[in-house]
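Engineer: Have a look; sequence and predicted model below, questions after that.
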Amino acid sequence: MNIRILFLAFALMGSIFTATAQGLTGRAFYKSSSSFKISMDSTKMAPDVIADLQKQLKKQMEREYVLTFSQTESNWKQVESLGAGPATASSGGASIMISTGNQDRLLYKNVADQSYIKEEDLMGRGFLVKDSLNTYDWELTGESKQIGDYTCQKATYTRIVDSKVFSMGKDEMETSKDTVNVTAWFTMQIPVSHGPDDFWGLPGLILELQNRGTTYIAERIVLNPNEPVKIEIPKKGEMISSKDYEALSEEKMQ
């Protein structure tokens, strides 16, 4: 009889947890930072000038984002700010400008049907890239750490990708193989399968993620806010698949 009561108690707890998760909404506010290395001929540019340029660019490439989510859908967008334009730096007579892409784009993810729609701008032409979400074969490491008020678990993902590099004096871009290592820290205390940018697929919200030199960290989380959470589906732009958009982008880049 005690076993039956205990089983019933666990069943009720599971039902309450599921009901709570199904109605869970919120907003997570992230800050991103990027690490990179500027490689230049030291005989033509002093090392301290290179270091100064790199320091300036790193500071300017810090960004803030908001992830708005329900149980099955989410929006990912950069927070508007005065410093959201291209990163620029100048030192010792040298100037560098790095474009960080479409800052005001909206990314919509639906983890229920595993699809996404992303706003893109290609040379002044608006597109809606619609396709299936990438599948991430996450591997749980068993490691854990505290991020703010949440206990997080570590998951990793590795894949080989084609990387294209443009070199001065050459007519075509060079293609090489790169190994991409992604590290995510997620919390089961927020049982939604969302995360920064296009990452998803873990049994809890991703609060920290490192990917190709960029780190996203959730600095503030608001669950079930008084103001209703609205998930937007992008509608402005020409609908196109990710494969066709990549082909078009490469054509324009050439």
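Structural biologist: Nice, I can see it. Just so it is clear, the structure is predicted and the values come from calculations on it, not from any experiment. Numbers count the residues shown, from 1 in each chain.
Engineer: Okay, now the unreliable bits of the stretch 51-200 of the chain?
Structural biologist: Low-confidence segments of the stretch 51-200 of the chain, defined by pLDDT under 70: 51-61, 81-103, 164-173.
Engineer: the strands in it, which residues?
Structural biologist: Under the criterion DSSP state E, counting those that start in this stretch, the stretch 51-200 of the chain carries strands at the ranges 63-69, 73-78, 87-91, 94-98, 106-110, 115-122, 125-132, 139-147, 150-165, 174-187.
Engineer: Would you mark the buried spots in the helix or strand containing S32?
Structural biologist: S32 is located in strand 26-34, with elements delineated by DSSP states H and E. Neighbour counts using 16 or more other C-beta atoms under 10 Å place 26-28, 30, 32, 34 of strand 26-34 among the buried residues. Backbone N, C-alpha and C define where each C-beta goes, glycine included.
Engineer: between these, which is closest to I221?
Structural biologist: The shortest distance between I221 and any of the buried residues of strand 26-34, using C-beta to C-beta, involves A28 and amounts to 4.9 Å.
Engineer: For the closest one, give me its contacts.
Structural biologist: Taking C-beta atoms under 8 Å, 6 or more residues apart in numbering as the contact definition, A28 lies against 66-67, 69, 205, 207, 218, 220-222.
Engineer: Please tell me the pLDDT value assigned to it.
Structural biologist: The model reports A28 with a pLDDT of 98.
Engineer: And it, how far from V129?
Structural biologist: Distance, A28 to V129, by C-beta to C-beta, to the nearest Å: 23 Å.
Engineer: N110 touches S132, doesn't it?
Structural biologist: No: with contact defined as C-beta atoms under 8 Å, N110 does not reach S132; the gap is 10.3 Å.
Engineer: Give me the more crowded residue out of the two.
Structural biologist: A side-by-side neighbour count of N110 and S132, using other C-beta atoms under 10 Å, places N110 first with 17 against 11.
Engineer: nearest spatial neighbour of that one, skipping sequence neighbours?
Structural biologist: The spatially closest residue to N110, leaving aside those adjacent along the chain, is E73, at 5.2 Å (C-beta to C-beta, 6 or more residues apart in numbering).
Engineer: hang on, that neighbour packs against D113?
Structural biologist: No: checked against C-beta under 8 Å, the pair E73 and D113 is beyond contact range at 9.9 Å.
Engineer: When these two are compared, which one has more neighbours?
Structural biologist: Neighbours were tallied for E73 and for D113 using other C-beta under 10 Å; the higher tally belongs to E73 (20 against 10).
Engineer: E232: which of the buried residues of strand 26-34 is nearest?
Structural biologist: Nearest to E232 among the buried residues of strand 26-34: R27, at 13.1 Å, using C-beta to C-beta.
Engineer: and S176, what are its bridge partners?
Structural biologist: Beta bridges link S176 to S163 when assigned by DSSP bridges.
Engineer: what does G26 give?
Structural biologist: G26 has the following beta-bridge partners by DSSP bridges: F69, L223.
Engineer: ok, it touching F69?
Structural biologist: Yes: judged on C-beta under 8 Å, G26 makes contact with F69 at a distance of 5.9 Å.
Engineer: Next, show the common contact partners of these two.
Structural biologist: Each of 192, 229 lies in contact with both G26 and F69 under the rule C-beta under 8 Å, 6+ apart.
Engineer: nearest spatial neighbour of E80, skipping sequence neighbours?
Structural biologist: Taking C-beta to C-beta, 6+ apart, and ignoring the residues beside it in sequence, E80 has D104 as its nearest neighbour in space, at 7.2 Å.
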